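Novice: Need coordinates for the following:
(2 chains)
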Amino acid sequence: MKAMPLTTDSHNTGSNAKGSDIRRTLIEDFDNGFTELVREYQPGIYSGARRLTRGAQDAEDVAQDTFVRAYKALSTYAPERIADLRVRPWLWTIALNLCRNRARSQVTEFAFKEGDAGGTDDPEVFDDAAWAVRLASLSEAQRTAVVLRYVLDLSIAEIGEATERPVGTVKADISRALERLRLTMKAEVLHAR
Amino acid sequence: MHDDVNHEDMREVEEGLAGLVSIPPDTLLRRTVVSVGSADEAATTDSPIGPVWIAWSTRGVTAVSPLFACPTFDDFAKVHRRTSFEAKQLPNDLSEAVTSALHTGDNAAVPIDTTGVGAFQQAVLATCATIPAGEVRPYGWIASEIGNPGSVRAVGTALGKNPIPLLIPCHRVVRSDGSLGNYAFGPQIKHELLIREGAILA
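Specialist: Okay, here's the model as predicted:
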C-alpha cells in the first residue's frame, strides 16, 4: 500500500513523531501497528486510570478495555481517518468513559479511609494514600484535568479533546484544582505540627 | 513575598502530581494484544516433519515453522510476520484440531488466520487449502482457480512463502509435467509427505 501523508502536531514533537509512525504502521500493517500502539500508550492509560479509579485492579481493567474498544473501532476506520487521528486524546476519551463508569458506581469507596495507611512504615504507600485523599477532594472534572496535565503531560488542547470541554474551561479546572491541592497540603502540614 | 511562598507550594503540588506515574504489571501488554487478536502466542508441537512452532491468534493458526529452521522461540519470533509471545502449549481445542490435521492431512477443522498476508497470496493459500490429502494439483490449476491463469510463476512464489505449511498443504502442488517442483524445506521432504499421504508411490 502507498504511504499516506500524515499530519503532524506542533507541540510535543517527540511523542508525536512516534504517534505518526504508529499511525503509518496501522494503515500499512494493522495488527502490528495496533500492538505498537498498545506498547506506546497503555502505560500512560494505566497510570492515569490508577488515579481516576479506586485502585490497581480498576486501572488494569480500564487499561485493557480501552484497547479492546480501540481495536474494534480502528478496524472499521478508513486509512484517511486513521491518518488524521489524534491518538492520545482519542484513547483518553474512551478511557475516561470507562473510568467514569467505575468511579460513579462506588463514589464513597473512592475516598481514602482514615487509617488505611496508618499502619504502614512504607513512605511510598503512605504518599500514595495521601494523594488518593487529596485527589478525592476535587471535582471529577478537576481531578481528570489535573491528572492528565501533570501526571501524564497532556497539553491543554489534548485534555480539551479528551474531555470534550472548551480549552478555557480546562484551564479554569486546572487552576482551581491546583489551588485546592495547595491548600490541602498546607493544611496537612499545619495539622501534623 | 506572599506570592513567592505560593509559588513554592505550587511547585510542590505539581512535582507531587508528576511523581504519581505507576508502572503497569508486565503481563498487561501481552494479555491485551493477545485478547484483541493483534498479536499471537506460539508453542511447539509434533508433526510429520519433526517438532514445529505453531503460532495462533484469537482467529486461528497464523504460522507453522519447523524447529530445524527456527530452533528457539526468538528465532521464530524474528521471522514471524506478527508480534508473538511464547506459550507453554496450544489451547486444548486448537491442539486437538492441529494434531489431527498434521497427522491425517485433513485440515478442515483447523481455523486459519492469514491476516497480514497480501491479497494475492491469500487467494492462492485459500485455494491451496482445499486440495485434499492424497491428491496433488499443478501450479496452473491454482492460477486458473483464482481467475488469473497467467500467474503460474507468481503462484509458485506465493506458495514458496506460505507462512502456514503442512496445514495449508503447499506440498500438494506440483509441476504440470508431474515432477514435484520446489518446496521450502527441500524436495525430499515434499516427496516424503506425499508418499505418507498416499498421493504418490514410493
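Novice: The residue most central in space within chain B: what secondary structure?
Specialist: Centroid-nearest residue in chain B, with C-alpha atoms, centre = their mean: B:A63, separated by 1.6 Å. Classification of B:A63 by DSSP: H, G, I helix; E, B strand; the rest coil places it in strand.
Novice: just to confirm, which helix or strand has the nearest residue to it once chain neighbours are set aside in it?
Specialist: In space, B:A63 comes closest to B:A55 once its chain neighbours are excluded; the distance is 4.0 Å by C-beta to C-beta, 6 or more residues apart in numbering or on different chains. C-betas here are computed from N, CA, C, even on glycine. Taking DSSP states H and E as the definition, one finds B:A55 inside strand B:52-56.
Novice: picking that back up, give the contact list for the residue nearest to the centre of chain B.
Specialist: B:D40, B:A42, B:W53, B:I54, B:A55, B:F76, B:H80, B:R81, B:R82, B:P163, B:I164 (C-beta atoms under 8 Å, 6 or more residues apart in numbering or on different chains).
Novice: Now the two most distant members of the residues you listed.
Specialist: The most widely separated members of the contacts of B:A63, counting by C-beta to C-beta, are B:I54 and B:R81 (14.6 Å).
Novice: between these two, which one's more packed in?
Specialist: Using other C-beta atoms under 10 Å in any protein chain shown, the more surrounded residue of B:I54 and B:R81 is B:I54, with 29 against 18.
Novice: can I assume that one is in contact with B:D46?
Specialist: No - the criterion here is C-beta atoms under 8 Å, and B:I54 misses it with B:D46 at 10.5 Å.
Novice: what number of residues lie near B:C70?
Specialist: 20.
Novice: Name all residues that make contact with the residue lying closest to it once chain neighbours are set aside.
Specialist: Closest residue to B:C70 apart from its sequence neighbours, by C-beta to C-beta, 6+ apart: B:F76 at 4.0 Å. By C-beta under 8 Å, 6+ apart, B:F76 lies in contact with B:A42, B:W53, B:A55, B:A63, B:S65, B:C70, B:S84.
Novice: burial measure for residue 17, as a count.
Specialist: Since no chain was named, I'll use chain A. 12.
Novice: my question was about chain B
Specialist: Here the number of neighbours of B:L17 (other C-beta under 10 Å) works out to 22.
Novice: Contacts only, for it.
Specialist: Applying C-beta under 8 Å, 6+ apart, the residues near B:L17 are A:W131, A:V146, A:V147, A:Y150, A:V151, A:L181.
Novice: swap the cut-off to 6 Å and go again
Specialist: A:Y150, A:V151 (C-beta atoms under 6 Å, 6 or more residues apart in numbering or on different chains).
Novice: Which strand or helix spans it?
Specialist: Here B:L17 is covered by helix B:2-18, with elements defined by DSSP H and E.
Novice: Quick check: what element follows that helix along the chain?
Specialist: Following helix B:2-18 in sequence, per DSSP H and E, is helix B:27-36.
Novice: Contacts for that following helix next, please.
Specialist: Outside helix B:27-36, the residues within contact range by C-beta under 6 Å, 6+ apart are A:T35, A:V38, A:Q64, A:F67, A:V68, A:Y71, B:A39, B:E41, B:F85.
Novice: Ignoring the adjacent residues along the chain, who's closest to A:P43?
Specialist: Closest residue to A:P43 apart from its sequence neighbours, by C-beta to C-beta, 6+ apart: B:P24 at 5.6 Å.
Novice: right, and that neighbour touches A:Y46 too?
Specialist: Yes - counting by C-beta atoms under 6 Å, A:Y46 is a contact partner of B:P24 at 3.9 Å.
Novice: Walk me through the domains of the chain.
Specialist: If you meant another chain, say so; for now it's chain A. A:13-109, A:111-193 (automatic domain parsing).
Novice: not what I meant, chain B
Specialist: B:27-104, B:119-196.
Novice: got TSV for those domains, with mean pLDDT too?
Specialist: Formatted as TSV, the domains of chain B follow (pLDDT from 0 to 100):
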stretch	mean pLDDT
domain B:27-104	97
domain B:119-196	95
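Novice: I'd like these written out as TSV, with distance to A:L98 added.
Specialist: Output for those, formatted as TSV (distance: least, C-beta to C-beta, whole Å):
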stretch	distance to A:L98
domain B:27-104	13
domain B:119-196	35
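Novice: Which residues of chain B lie near chain A?
Specialist: Residues of chain B found near chain A (C-beta under 6 Å from any C-beta of the partner chain) are B:9-10, B:13-14, B:17-18, B:20-22, B:24, B:29, B:32-33, B:36, B:38-39, B:82-83, B:115-116.
Novice: and with 7 Å instead?
Specialist: B:9-10, B:12-14, B:16-18, B:20-22, B:24-25, B:28-29, B:31-33, B:35-36, B:38-39, B:82-83, B:115-116 (C-beta under 7 Å from any C-beta of the partner chain).
Novice: ok so, going back, which of the domains of chain A sits closest to B:P187?
Specialist: domain A:13-109 (32.8 Å).
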